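**Q** How does the following fold in three dimensions:
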Amino acid sequence: MPSPHYVVRRSRSGRFNFTLLSEHGRISGVVVVPTEKLSREEIERSARAKIQALAASLVAAVGAPPEA
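**A** This next block holds a predicted model:
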């Protein structure tokens, strides 16, 4: 399986559904970002940053999977 990655789907009102995928399984969730006075690119960049921060905190909490 390829390295861990995530899939993002934009919903409404700044909601982004995501799924983190790895060889060990998947975790799905939602992040919400403010949308007022921001461009579409800024909104998506903010959502991706939040998802990456969640993934990083998950790794910090449970540890990285062992390299095969």
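**Q** my read is Val59 is in a strand, agree?
**A** No. Going by DSSP: H, G, I helix; E, B strand; the rest coil, the assignment for Val59 is helix, not a strand.
**Q** and it, how far is that from Ala49?
**A** According to CB to CB, to the nearest Å, Val59 and Ala49 sit 16 Å apart. (Each C-beta comes from the backbone N, C-alpha and C, glycine too.)
**Q** ok, now Ser57?
**A** Between Ser57 and Ala49 the distance is 13 Å, computed by CB to CB.
**Q** Leu21 too?
**A** In this view, Leu21 and Ala49 are 19 Å apart by CB to CB.
**Q** Compare those two (neighbour count), which wins?
**A** More crowded of Leu21 and Ala49, by other CB atoms under 10 Å: Leu21, with 17 against 12.
**Q** Quick check: which ranges of this structure have low pLDDT?
**A** For the chain, applying pLDDT under 70 flags the ranges 1-2, 4-6, 64-68.
**Q** So which residues of it form helices?
**A** Here the chain has its helices, by DSSP state H, at 40-62.
**Q** The spatially most central residue of the chain and Lys37: what is the separation?
**A** Nearest to the geometric centre of the chain sits Ile51, at 2.7 Å (CA atoms, centre = their mean). Ile51 is 22 Å from Lys37, where distance means CB to CB.
**Q** quick one, what contacts the closest residue to Val31 other than its chain neighbours?
**A** Nearest non-adjacent residue to Val31, counting by CB to CB, 6 or more residues apart in numbering: Lys50, 4.3 Å away. Neighbouring residues of Lys50 by CB atoms under 8 Å, 6 or more residues apart in numbering: 16, 31, 33.
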